[in-house]
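> next one to model:
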Amino acid sequence: MRIAVIHDWLITVGGSEKVLREILYLLRNQDTTLFTLMDFLSDEDREEFIFGKKTQTSFLQLIPGIKESYKYFFPLFPTAIRSLSTRGFDVIISSSHSVAKSVHKHPGQIHVSYCHTPMRYIWDMQQQYINDHGLNKGWKRLAAKLLMRNIRNWDFATSSDVDYFIANSKYIQNRIKRNYHRDSTVIYPPVNTDFFIPVEQKEAFYVTASRLVPYKRIDLIAKAFSEMPDKKLIIIGDGPAWKKIKNVSSHNIEMIKYDTNQVLRYFLQRAKAFVFAAEEDFGITPVEAMACGTPVIAFGDGGVLETVQDETNGIFFHHQTVKSIVDAVYRFENQQTQFDPHKIRQQALKFNRQRFHQEMAAFLEKHAGITCSL
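Numbering: from 1, shown residues only. Reported below is the predicted structural model:
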């Protein structure tokens with residue numbers, strides 16, 4: 001059996017790349033080929049997340065400077081994903097938060113799509129994407145609206161090529177139903193609870209970690225802590241919003257470029273709390289923080305509602321505003337002695353890698369006839 005694994009792009013490491021790693025791990029004894037629009041992983045990340053595999057990329061790989069500006073080539077993504085040839089493969093497994101699920105399927109193939117989310121910027125977050133990219137006036141706004149409508153129609157049409165959808169949360173299961181009119185099975189992403197382990201002695205700082213892209217709202221967290229100069233915040237990440245976040249950060253905020261999981265773990269283990277302001281599909285990093293015995297201060301919407309329990313392993317705020325975050329931090333400090341690192345970790349253990357391996361292996365064997373290596 002030949003298996004084609006499709007991932008949107010490999011540029012930085014985030015939650016979807018951690019899921020991809022575990023899918024490739026399950027298929028390590030199978031004949032697999034990894035396809036992606038672009039591949040700019042570092043050698044270290046290549047070994048850790050795709051086991052050193054070579055990838056087959058699209059024509060976008062050849063465009064000079066695309067690594068730093070790939071989002072501006074979004075109109076070419078549909079053509080690029082359809083240019084990847086899966087002819088001769090028996091099964092397609094896509095890891096998709098953008099266009100990977102729309103890869104061309106040939107007769108007789110089975111396509112299983114692990115859906116991190118239907119494309120946010122054409123469905124649920126269209127206006128935010130337009131605003132963030134300065135496309136909210138005049139002809140640019142009209143052109144962006146027309147482009148997104150056309151890609152949304154294409155995205156809906158190509159969803160019929162997927163035989164089986166897997167959603168990464170109940171929140172995304174509802175999005176798949178609403179946007180594609182398709183049923184799906186929820187299999188939560190894997191969290192490496194063997195690597196992210198507790199440290200009971202917490203230090204006097206807060207931490208947040210993410211790809212630095214607009215919808216993650218790290219800028220909002222930075223603004224909130226700029227209004228609390230007596231509280232230290234560590235921001236770990238990299239991405240196009242780095243400069244914007246740096247510009248709104250005060251002296252009590254330290255920005256560290258994501259380097260390795262060891263660095264991330266060090267700060268997650270020792271922080272007072274992990275701060276999370278995105279409306280996220282699932283949110284692996286908050287669960288990694290909980291695996292370290294660290295409580296989470298989170299925006300109470302999206303997939304985080306399925307992992308964080310208010311006043312048990314975290315604190316929710318209910319508006320994506322500076323004031324709401326500030327109020328939540330002070331509320332946390334008034335209650336922080338009630339948070340038990342061992343109880344917080346117990347919640348994270350429900351989302352461990354072993355559970356993901358077992359559920360994915362059972363699904364792939366039942367629906368695609370693939371015997372995975374556990």
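> and the helices in the stretch 151-300 of the chain, which stretches?
170-180, 218-226, 242-247, 261-270, 284-291 (DSSP state H, counting those that start in this stretch).
> give me the contacts around stretch 199-211.
Stretch 199-211 is touched from outside by 12, 14, 216, 218, 221, 225, 231-239, 258, 264, 267-278, 285, 289, 292-294, 297, 329, 341, with contacts defined as CB atoms under 8 Å, 6 or more residues apart in numbering. All C-beta spots, glycine's among them, are computed from the backbone N, C-alpha and C.
> are any of the residues you listed buried, and which?
Taking 16 or more other CB atoms under 10 Å as the criterion, what is buried in the contacts of stretch 199-211 is 12, 14, 216, 218, 221, 225, 231-239, 258, 264, 267-278, 285, 289, 292-294, 297, 329, 341.
> list the contacts of the nearest residue to Asp230 once chain neighbours are set aside.
Distance criterion CB to CB, 6 or more residues apart in numbering; nearest residue to Asp230, sequence neighbours excluded, is Asn252 at 7.4 Å. Residues near Asn252 by CB under 8 Å, 6+ apart: Phe225, Ser226, Met228, Pro229, Asp230, Lys231, Lys232, Leu233.
> my guess is Arg46 meets Phe40, correct?
No: using CB atoms under 8 Å, Arg46 is not in contact with Phe40; the gap is 10.0 Å.
> quick one: the residue nearest to Asp230 and Pro118, what's the gap?
As for Asn252, its distance to Pro118 is 38 Å (criterion: CB to CB, to the nearest Å).
> let's see which of the buried ones among the contacts of stretch 199-211 end up in strands.
Among the buried ones among the contacts of stretch 199-211, the members found in strands (DSSP state E) are Lys232, Leu233, Ile234, Ile235, Ile236, Gly237, Asp238, Phe274, Val275, Phe276, Ile297.
> specify the beta-bridge partners of the fifth one.
Bridge pairing for Ile236 (DSSP bridges) gives the partners Ala209, Ile256.
> and the pLDDT for it?
With respect to pLDDT, Ile236 has a value of 96.
> I'd guessed it sits against Glu254; true?
No: counting by CB under 8 Å, Glu254 is not a contact partner of Ile236; they are 9.4 Å apart.
> may I ask which helix or strand of this structure has the lowest mean pLDDT?
helix 126-132 (a mean of 74; mean pLDDT, DSSP states H and E).
> which helices and strands sit right next to that one?
Judged by 3 or more CB pairs under 8 Å, 6 or more residues apart in numbering; DSSP states H and E, helix 126-132 is in contact with helix 138-158.
> and the angle for the helix it packs on with helix 170-180?
Helix 138-158 and helix 170-180 are oriented at 100 degrees to each other (axes from the mean of the first three to the mean of the last three CA atoms, to 10 degrees).
> neighbours of Arg345, how many?
For Arg345, the count of nearby residues is 19 (other CB atoms under 10 Å).
> where in this protein is pLDDT low?
Low-confidence segments of the chain (pLDDT under 70): 133.
> domains of it?
Domain ranges of the chain: 2-190+352-368, 205-351, per automatic domain parsing.
> kindly reformat those domains as CSV containing distance to Val199.
Below are the domains of the chain laid out as CSV (distance: least, CB to CB, whole Å):
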stretch, distance to Val199
domain 2-190+352-368, 19
domain 205-351, 4
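> highest mean neighbour count out of these?
domain 205-351 (a mean of 20; mean count of other CB atoms under 10 Å).
> endpoints of that one, how far apart?
End-to-end span of domain 205-351 (CA to CA, to the nearest Å): 26 Å.
> next, give phi and psi for His371.
Wrong residue type there; residue 371 is Thr, not His. The phi/psi pair for Thr371 (degrees, to the nearest 10) reads phi -100, psi 110.
> pretty sure it contacts Glu365?
Yes: the criterion here is CB under 8 Å, and Thr371 meets it with Glu365 at 6.1 Å.
> show me the contacts for Phe77.
Leu37, Leu60, Ser98, Val99.
> which SSE is it in?
If you go by DSSP states H and E, Phe77 is part of helix 77-82.
> what's the helix or strand for Val5?
Counting by DSSP H and E, Val5 is found in strand 2-7.
> could you identify the helix or strand that succeeds that strand?
Downstream of strand 2-7, the next assigned helix or strand under DSSP H and E is helix 15-26.
> contacts for that next one, please.
Helix 15-26 has contacts (CB under 8 Å, 6+ apart) with 5, 7-8, 10, 32, 34, 45, 48-51, 53, 93, 95, 97, 114, 116, 168, 189-190, 192, 282-285, 353, 356-357, 360-361, 364, 372-374.
> the inter-axis angle of that helix versus strand 2-7?
Put simply, helix 15-26 runs at 160 degrees to strand 2-7, going by the same axes, to 10 degrees.
> what angle sits between helix 15-26 and helix 261-270?
Using the same axes, to 10 degrees: helix 15-26 against helix 261-270 is 120 degrees.
> following helix 15-26, which helix or strand comes up?
If you walk from helix 15-26 toward the C-terminus, the next helix or strand you reach (DSSP H and E) is strand 31-36.
> does anything pack onto that following strand? Which helices or strands?
Helices and strands touching strand 31-36, by 3+ CB pairs under 8 Å, 6+ apart, are strand 2-7, strand 55-57.
> direction included, what does that strand pair against?
In the sheet, strand 31-36 lines up with strand 2-7 (parallel), strand 55-57 (parallel) (DSSP bridges).
> export the ones you listed to a markdown table and tack on distance to Glu333?
Formatted as a markdown table, those follow (distance: least, CB to CB, whole Å):
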| stretch | distance to Glu333 |
| --- | --- |
| strand 2-7 | 40 |
| strand 55-57 | 46 |
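> so for Glu311, which of those sits nearest?
Glu311 lies closest, by CB to CB, to one member of the strands paired with strand 31-36: strand 2-7, at 37.4 Å.
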